[in-house]
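Peer 1: based on what follows, work out the 3D shape:
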Amino acid sequence: LEKEYGVSCRVIDMYSIKPIDVELVYRAAIDTGAIVTIEEHSIIGGLGSAVCEVTAENHPVPVNRMGVTDIFGESARETEIDVLLSKYGLSSDHIVESVLKTRKKIKK
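Peer 2: Numbers count the residues shown, from 1 in each chain. Predicted coordinates:
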């Protein structure tokens, strides 16, 4: 993203949402001004929701939650993963689009 769009990003591996690392999310909100969450399952009650709670209570910033909407998901063979990621809007192109869109919402 930085090379092609001049946008620097931070990637955080949130291996657990319970308990959520409030300090980590808070620091990311302050340092970056916006957050995009990506999860390969339902966004309802997931990481994005937890991040929204933390930012709303501590440092409100634009948050874009990427994940599967309220539908039954599918599984695929390893060779077909890219097809599913694209179908559910989680491909690398979708992620770049989401980051750029969310970045435009940052209040200067």
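Peer 1: after the worst-scoring helix or strand of the chain on mean pLDDT, next one along is what?
Peer 2: Lowest on mean pLDDT, DSSP states H and E among the helices and strands of the chain sits helix 2-5, with a mean of 91. Note on helix 2-5: by DSSP states H and E, the next helix or strand toward the C-terminus is helix 22-32.
Peer 1: distance of the closest residue to Glu74 other than its chain neighbours relative to Val96?
Peer 2: Computed as Cβ to Cβ, 6 or more residues apart in numbering, the closest residue to Glu74 that is not its neighbour in sequence is Leu84, at 6.1 Å. From N, CA and C alone the C-beta is placed, and that goes for glycine too. To Val96, Leu84 is 18 Å away according to Cβ to Cβ, to the nearest Å.
Peer 1: select the longest strand from the chain.
Peer 2: Secondary structure of the chain per DSSP state E: the longest strand is strand 35-42.
Peer 1: buried ones in that strand?
Peer 2: Buried residues in strand 35-42, defined by neighbour count with 16 or more other Cβ atoms under 10 Å: 35-39, 42.
Peer 1: what of stretch 62-71?
Peer 2: 62-68.
Peer 1: equivalent analysis for stretch 101-108, please.
Peer 2: For stretch 101-108, the buried set under the neighbour-count rule, 16+ other Cβ under 10 Å, comprises 102-103.
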